[in-house]
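In: Kindly generate the corresponding structure for this input.
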Amino acid sequence: MSNEKAILALLQGCNSLKRLRKIHAHVIVSGLHHHVPIANKLLNFCAISVSGSLAYAQLLFHQMECPQTEAWNSIIRGFAQSSSPIDAIVFYNQMVCDSFSIPDTFTFSFVLKACERIKAERKCKEVHGSVIRCGYDADVIVCTNLVKCYSAMGSVCIARQVFDKMPARDLVAWNAMISCFSQQGLHQEALQTYNQMRSENVDIDGFTLVGLISSCAHLGALNIGVQMHRFARENGLDQSLYVGNALIDMYAKCGSLDQAILIFDRMQRKDIFTWNSMIVGYGVHGRGSEAIYCFQQMLEARIQPNPVTFLGLLCGCSHQGLVQEGVKYFNLMSSKFRLKPEVKHYGCLVDLYGRAGKLDKALEIVSNSSHNDSVLWRILLGSCKIHKNVTIGEIAMNRLSELGATSAGDCILLATIYAGEKDKAGVARMRKMIKSQGKKTTPGWSWIEIGEQVHKFVVDDKSHRYSVEVYEKLREVIHQASFFGYVGDESISSLDMLSTMETLKTSCTYHSEKLAIAFGLARTADGTQIRIVKNLRVCRDCHSFIKAVSVAFNREIIVRDRVRFHHFKGGECSCNDYWVMVGRIIMVGQLVQMKTKDASRVKNVFFHVGWRKEERKRGLCA
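Out: Purely as a prediction, here's the structure:
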């Protein structure tokens, strides 16, 4: 064997920098340091290997008289995957100015990876221009990396254009496009891309599944998610940790928590994401006790919690009214696990105290928090609406104004509090603020999955192609619901003595979830479960409406709103009406006691509204 071949063979089996230095010394002694294949092999190891050294790679690179494309690719790739990806762009610029080498497929791919990591959009577009000029705009590898790069920058339209113009697309390209849509929140587009992929007979893998299952989770598209699960099981992909985690998250977010628990229990290997998905799942379903038990199991498994873990715990405690437990775990974050609470954690704590009626404590938390964030004051304002507390509500509104963060929704919240107090001047001020500052409310929308298609409805929606059918069905549904206790917004208000002024009335009859439920009842068989995903909180009127519908039509209706799940069945909700009843119960009880001077009659109020024993105790404590 010649000396050159012997050295190349040694480099092929090299697995440490110490060994490479010895080989390099032998290369220099043998006078082969200018031998291009050997020099490229030395550089490649130092730049790319986990045992290499980028500093050593730079030294080798600068000793090359006329580095060719292969050498440039090694140094650019090394820095693109390092902690300093901007240096990859620097070397690429030098390469472009060098007349001895021309970028190829790998050069463009590596520099695009660097652009993706540092969000260098202008450089990405510049490289894209070079790709076209050099004739690589039909190269599947380069175009796939362009899709990934534009996706990271949020330029979905350009990414889609690149994808559509590709003459041939492999599985990696399809995965990149699905991932692009999923990461940017365009989940319906991700599923549409999957349908296009199926029509072109492209097989999917674990990466495809994770992206698609994530989109199903956000859309609440359980039927499609079940299909993904079946495919994973049939192809042995359900054993993947990443697929398993995605399935737990999907089932929990689609309202099928029991199925999420089943997958969780069957998983042989669990990481922090697995445990977090389960704890957060329990939390958003209002099952705080189970979230706490799962957390204890997690600690026994020697898994260290992170901020997301405590977010799920606090969410569950808030939705179940576990005040002491919630405060305990909030304090444990910093005292035992050295985790600094973030705005969302403080938000859960404020919500926890606020729901329980401890508004003074909630105000203290917000005022003393290091996070002077509008989100905290808005949560406090929402709690003031539940408990009809004008004083603290005005404090929260003033702080929102100081932060320049008031919205139309905030004005409506405070106006509702004023209306409960018959303060017409306060209501007028809020109406004037909305009008003078041109504030607009966030339009409510709801998703419902029928078969394999997700339908979207907005408030008072007339744009849906089946709107005539929907409104006709809704009138029938409202009529049937009225026989099972649904009395509409005005009647509810008079019942609990929290009547709303005429100036605040809205078209509750045609809220998006009502339209979605009417469509679901019209298009699904009797007994079929109906699942709704909503972008806002479910209002009191709709909550009462859905309870009545569940018993009138003998359907289980699951609604995922902005903060939690509501499982309606047989005229009851899994939240036990805690989120809407706490303030109402306290207010009614106080009014009865004031009018009758008889505290014993307060008990009758609790039984009149159908509160369970533990919720009655919690309401009295609040």
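In: From now on I want contacts and neighbour counts done on CA atoms only, so please keep to that.
Out: OK.
In: Can you tell me the centre-most residue of this structure?
Out: residue 218 (7.1 Å; Cα atoms, centre = their mean).
In: Look up how far residue 212 lies from that residue.
Out: Here the distance between residue 218 and residue 212 works out to 10 Å (Cα to Cα, to the nearest Å).
In: about what we covered before: which strands and helices sit next to the helix or strand harbouring the residue nearest to the centre of the chain?
Out: With elements delineated by DSSP states H and E, residue 218 resides in helix 206-219, which encompasses its position. In terms of contacts (3 or more Cα pairs under 8 Å, 6 or more residues apart in numbering; DSSP states H and E), helix 206-219 is packed against helix 171-183, helix 187-199, helix 222-234, helix 241-253.
In: Can you tell me which of those is nearest to residue 550?
Out: helix 222-234 (19.8 Å; Cα to Cα).
In: Name the residues that touch that closest one?
Out: Applying Cα atoms under 8 Å, 6 or more residues apart in numbering, the contact partners of helix 222-234 are 206, 209, 212-213, 216-217, 238, 247, 250-251, 254, 449, 451-452.
In: just how off-centre is it within its chain?
Out: Its chain's C-alpha centre and that of helix 222-234 lie 21 Å apart, by Cα atoms, centre = their mean, to the nearest Å.
In: Alpha carbons only: can I get it in PDB?
Out: What follows is helix 222-234, C-alpha atoms only, in PDB (Å, rounded to 0.1, in the frame of the first residue of the first chain):
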ATOM      1  CA  LEU A 222     -59.600  13.500  16.800                       C
ATOM      2  CA  ASN A 223     -60.900  11.300  13.900                       C
ATOM      3  CA  ILE A 224     -57.800  12.100  11.800                       C
ATOM      4  CA  GLY A 225     -55.600  11.700  14.900                       C
ATOM      5  CA  VAL A 226     -57.000   8.200  15.500                       C
ATOM      6  CA  GLN A 227     -56.100   7.400  11.900                       C
ATOM      7  CA  MET A 228     -52.600   8.600  12.500                       C
ATOM      8  CA  HIS A 229     -52.400   6.400  15.600                       C
ATOM      9  CA  ARG A 230     -53.700   3.400  13.700                       C
ATOM     10  CA  PHE A 231     -51.000   3.900  11.000                       C
ATOM     11  CA  ALA A 232     -48.300   4.300  13.700                       C
ATOM     12  CA  ARG A 233     -49.500   1.000  15.300                       C
ATOM     13  CA  GLU A 234     -49.600  -0.900  12.100                       C
END
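In: So which bits of that helix are buried?
Out: Neighbour-count burial for helix 222-234, counted by 16 or more other Cα atoms under 10 Å, picks out 222, 223, 224, 225, 226, 228, 229, 231, 232.
In: what pLDDT does the first one get?
Out: Read that as residue 222. According to the per-residue confidence, residue 222 scores 91 in pLDDT.
In: same deal with residue 158?
Out: At residue 158 the predicted local distance difference test score is 95.
In: go on, residue 276?
Out: In this model, residue 276 is scored at 96, pLDDT.
In: contacts for the host helix or strand of it?
Out: Of the helices and strands defined by DSSP H and E, residue 276 is found in helix 272-284. If you take Cα under 8 Å, 6+ apart as the criterion, helix 272-284 is touched by 244-245, 248-249, 252-253, 257, 260-261, 264, 288, 290-292, 294-295, 298, 303-305, 308-309, 311-317, 319, 563-565.
In: Among these, name the buried ones.
Out: Buried positions within the contacts of helix 272-284, assessed by neighbour count (16+ other Cα under 10 Å), are 244-245, 248-249, 252-253, 257, 260-261, 264, 288, 290-292, 294-295, 298, 305, 308-309, 311-317, 319, 563-565.
In: taking those residues one by one, which sit in helices?
Out: In helices, defined here by DSSP state H, the members of these are 244-245, 248-249, 252-253, 257, 260-261, 264, 288, 290-292, 294-295, 298, 308-309, 311-317, 319.
In: quick one: contacts for the residue nearest to the centre of the chain?
Out: Contact partners of residue 218, counting by Cα under 8 Å, 6+ apart, are 187, 250, 253.
In: What does the pLDDT read for it?
Out: The model reports residue 218 with a pLDDT of 90.
In: swap in residue 596?
Out: Spelled out, the predicted local distance difference test score at residue 596 is 46.
In: likewise residue 480?
Out: Residue-level confidence at residue 480 comes out at 91, pLDDT.
In: Next: residue 500.
Out: Predicted confidence (pLDDT) at residue 500: the value is 39.
In: try residue 199
Out: 89.
In: What is the neighbour count of it?
Out: As a burial measure, the neighbour count of residue 199 was computed by other Cα atoms under 10 Å and equals 9.
In: what's the answer for residue 121, then?
Out: Residue 121 is flanked by 18 other residues according to other Cα under 10 Å.
In: Just list the residues touching the residue nearest to it when sequence neighbours are not counted, thanks.
Out: Distance criterion Cα to Cα, 6 or more residues apart in numbering; nearest residue to residue 121, sequence neighbours excluded, is residue 153 at 6.4 Å. If a contact means Cα under 8 Å, 6+ apart, then residue 153 has 116, 119, 120, 121 as its contacts.
In: what do you get for residue 520?
Out: Under the criterion of Cα under 8 Å, 6+ apart, the contact list for residue 520 reads 448, 450, 530.
In: just curious, which of these is nearest to residue 200?
Out: Checking these one by one against residue 200 (Cα to Cα), the nearest turns out to be residue 450, at 24.3 Å.
In: which stretches of this protein form strands?
Out: Across the chain, reading from the start of the chain, the strands by DSSP state E fall at 445-450, 453-458, 530-534, 557-560, 565-569, 572-573.
In: out of those, nearest to residue 30?
Out: Across the strands of the chain, residue 30 has its closest neighbour in strand 453-458 (69.4 Å, Cα to Cα).
In: if we can go back for a sec, neighbour-wise, which of the contacts of residue 153 leads?
Out: Neighbour tally across these (other Cα under 10 Å): the maximum, 24 neighbours, falls on residue 116.
In: what's the spacing between that one and residue 107?
Out: Residue 116 sits 14 Å away from residue 107, going by Cα to Cα.
In: go on, residue 345?
Out: With the distance defined as Cα to Cα, residue 345 ends up 44 Å from residue 107.
In: Next, format the contacts of residue 218 as TSV and append distance to residue 355 and pLDDT.
Out: Shown next, in TSV, are these (distance: Cα to Cα, whole Å; pLDDT from 0 to 100):
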residue	distance to residue 355	pLDDT
187	33	91
250	28	94
253	23	92
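In: and which of the contacts of residue 153 is nearest to residue 168?
Out: The nearest one, if we look at the contacts of residue 153 relative to residue 168 and count by Cα to Cα, is residue 116, at 22.9 Å.
In: Which residues are in contact with that closest one?
Out: Residue 116 makes contacts with 124, 148, 149, 150, 152, 153, as judged by Cα under 8 Å, 6+ apart.
In: What pLDDT is listed against it?
Out: Residue 116 carries a pLDDT score of 94 in this model.
In: One more: residue 236?
Out: The pLDDT attached to residue 236 in the predicted structure is 87.
In: again, but for the one 3 residues further on
Out: According to the predicted model, the pLDDT of residue 239 comes to 87.
In: now do residue 22
Out: At residue 22, the model reports a pLDDT of 76.
In: what's the burial count for it?
Out: Using other Cα under 10 Å, the number of residues around residue 22 comes to 10.
In: ok, residue 322 to residue 433 distance?
Out: When distance is defined by Cα to Cα, residue 322 is 37 Å away from residue 433.
In: And residue 470, how close does it get to residue 523?
Out: 10 Å.
In: And residue 40, by the same measure?
Out: When Cα to Cα is the yardstick, residue 40 and residue 523 sit 65 Å from each other.
In: neighbour count winner among these two?
Out: residue 40 (21 against 12).
In: Contact partners for the more buried one?
Out: 70, 71.
In: I'd like to know how far it sits from residue 178.
Out: Shown here: residue 40 relative to residue 178, a distance of 37 Å by Cα to Cα.
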